[in-house]
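**Q** after the sequence you'll find the predicted model.
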Amino acid sequence: MKIRMLIPIIMILFINCCPRTCPLSRTVSGQDKNPSFVDLHGALAVSGTQLVDMHGDSVVLRGVSLGWHNWWPQYWNADVVKWLKEDWKITVLRAAMGIGHTEGYLNKPRESAALLKKVVDACIAQGIYVIIDWHDHDAQNHQEAAIAFFREMAGTYGHTPNVIYEIYNEPDFEDWPTVKAYADTLIRTIRAKDPHNIILVGTTQWDQNVHIAADDPLTGHSNVMYTLHFYAITHRQWLRDRGDYALSKGLPLFVSEMDGSNASGRGGLDLEEWQQWMDWMENNQISWIKWSISDKQETCSSLKPGASPHGGWTKDMLTESGLRAREYIRTYTGN
C-alpha cells in the first residue's frame, strides 16, 4: 500500500525535474519556436492617433505593397512573401487587388480573390500583418461588389490578428461626404463578421485631404485609421502640414502608399525630401508602406524588369527605389 502511494510522487518529481527534451515535459504551446512579429504584438487597435498592440504599446508597421494583382501576378506568391519577410525584414505586406481594369476583380472575382487569399495565407504563415487592399479610384461606384468581397474576407480572416482591411485605395475626384458614406457602409459590413481588426479609410484627392477628414471624421466606429499617400517630389512640406493638422485633431493616420519619386512614378528620386518624410513618419510613430513590388519600368518600382518571380533578389536586381526602401525597412525595424 505504501509503495503504491509513492509511485505518483516519484512520477511528479520526475516530470518536474527532467530536461525540456523529455517527452513528458515538452510544451505544445509553441514556446519552443522563435515568436513571429504577430506573435509578439497580436491583435492591433487604435488608441488616440496611435496604432497599438495587444499590450497597449505603440507599434509601427513597415513594409511594401505588391503591385496590382492583374498586372504583376507573378509576384503574388508565398516565395516572395517569405523573401520580403526574411531579407527585407518587412512586418506588413499590402496586397493591392486591382478592381476595375483588365483582368481585375470586377471581371474575374473568383480568380482575383483566390490569388489574394494565397498572399494572405502566406503572410499569416510568416507571422506578419497583411493589408487586404481594394485598389480602386471609384469604389463608391462598385459598392455592391466591395460589400460582397469584404463580407467574404472578414468571414474568412476575421478570427486572425494578421489582417487589416483597406476599403478604398485612393478616392480621386469624389467629395468627402460621398467617401464617408461609402466607408460607413463598408465598415458596418466588415464589423458584422470581424468586430476588431483595423480598417483603413481612404481620404480624398488621392489620400491627400486628411485635413478635411479630420474636421469631419467617421463616428461610431472603433479601430479605424485614415490613409495618407505621398510621393516625395510631388508632395512636400505642405502635405506634412496637413498631416500635422490631422494628428492635432486626433485623426489616426496610416501611410499605406509612398515613394521618393514623382506621383507619376517617373523621373528620379528626391532622397532628401524622402528622408524628411521618413523622419516625420518615424517621429509621429506612423506606419508606412512603400509602393511597389513590381518590375514595371518606372522609378517607384522596386524591381528591375525580369526580376525573379520567386524572390531571392540580389542587389543588382533592385532599382534605386527598391534598394533605398529595403535599407529603410531593415534600419527602422532594427535589422
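**A** Nice, I can see it. Numbers count the residues shown, from 1 in each chain.
**Q** elements contacting the helix or strand harbouring G63?
**A** Here G63, judged by DSSP states H and E, is contained in strand 62-66. Packing partners of strand 62-66 (3 or more CB pairs under 8 Å, 6 or more residues apart in numbering; DSSP states H and E): strand 92-98, strand 129-135, strand 288-293, helix 320-332. Any C-beta I mention is one placed from the backbone N, CA and C, and that applies to glycine too.
**Q** could you point out the helix or strand that follows it?
**A** Counting by DSSP H and E, what follows strand 62-66 is helix 78-83.
**Q** name the nearest residue to L84, sequence neighbours excluded.
**A** I90 (4.9 Å; CB to CB, 6 or more residues apart in numbering).
**Q** all strands of the chain, in order?
**A** For the chain, the strands defined by DSSP state E cover 45-47, 50-52, 62-66, 92-98, 129-135, 163-166, 199-201, 224-231, 253-259, 288-293.
**Q** those strands: which one's closest to R330?
**A** Closest of these to R330 is strand 62-66, at 9.4 Å (criterion: CB to CB).
**Q** average pLDDT across that closest one?
**A** Throughout strand 62-66, pLDDT has a mean value of 98.
**Q** that strand: partners in the sheet, and parallel or antiparallel?
**A** Taking DSSP bridges as the criterion, strand 62-66 forms sheet pairs with strand 92-98 (parallel), strand 288-293 (parallel).
**Q** other residues contacting the first one?
**A** Which is strand 92-98. Outside strand 92-98, the residues within contact range by CB atoms under 8 Å, 6 or more residues apart in numbering are 61-71, 76, 81, 84-85, 104-105, 112, 115-116, 119-120, 123, 128-135, 164, 166, 169, 256-257, 287, 289, 292.
**Q** just the buried subset of those, please.
**A** Those of those that meet the buried threshold are 61-70, 76, 81, 84-85, 104-105, 112, 115-116, 119-120, 123, 128-135, 164, 166, 169, 256-257, 287, 289, 292, by 16 or more other CB atoms under 10 Å.
**Q** count the neighbours of the residue nearest to L84 for me.
**A** Neighbourhood size, I90 [other CB atoms under 10 Å]: 29.
**Q** one more: the one 4 residues further on?
**A** For R94, the number of neighbouring residues by other CB under 10 Å comes to 29.
**Q** do Q50 as well
**A** The burial count for Q50: 19, using other CB under 10 Å.
**Q** in contact with D295, which residues?
**A** Contacts of D295 by CB under 8 Å, 6+ apart are W72, S301, L303, K304, P305, G306, A307.
**Q** verify the contact between the fifth one and Q297 for me.
**A** Yes. Using CB atoms under 8 Å, P305 makes contact with Q297 at a distance of 6.0 Å.
**Q** the residue lying closest to H137 once chain neighbours are set aside and E111: what is the separation?
**A** Once flanking residues are discounted, H137 sits nearest to D172: 4.8 Å by CB to CB, 6+ apart. D172 sits 26 Å away from E111 when distances are taken as CB to CB, to the nearest Å.
**Q** can you check V255 too?
**A** 30 Å.
**Q** neighbour count: these two, which is higher?
**A** Between V255 and E111, counting by other CB under 10 Å, V255 is the more crowded of the two (21 against 14).
**Q** what segments of the chain are helices?
**A** Using DSSP state H, the helices of the chain run over 2-17, 37-41, 78-83, 109-126, 143-157, 176-191, 204-207, 210-215, 237-248, 271-283, 320-332.
**Q** mean confidence for the first one?
**A** Looking at helix 2-17 alone, the average pLDDT works out to 38.
**Q** also stretch 289-306?
**A** Stretch 289-306 comes out at a mean pLDDT of 97.
**Q** measure it end to end?
**A** End-to-end distance of stretch 289-306 (CA to CA, to the nearest Å): 23 Å.
**Q** go through it and flag the buried ones.
**A** Applying a neighbour-count criterion of 16+ other CB under 10 Å, one finds 289-296, 298-303 buried in stretch 289-306.
**Q** pick out the most distant pair among the residues you listed.
**A** The widest separation within the buried residues of stretch 289-306 (CB to CB) is 18.3 Å, between I289 and D295.
**Q** centre-most residue in this structure?
**A** Centroid-nearest residue in the chain, with CA atoms, centre = their mean: I131, separated by 3.8 Å.
**Q** all set, thanks.
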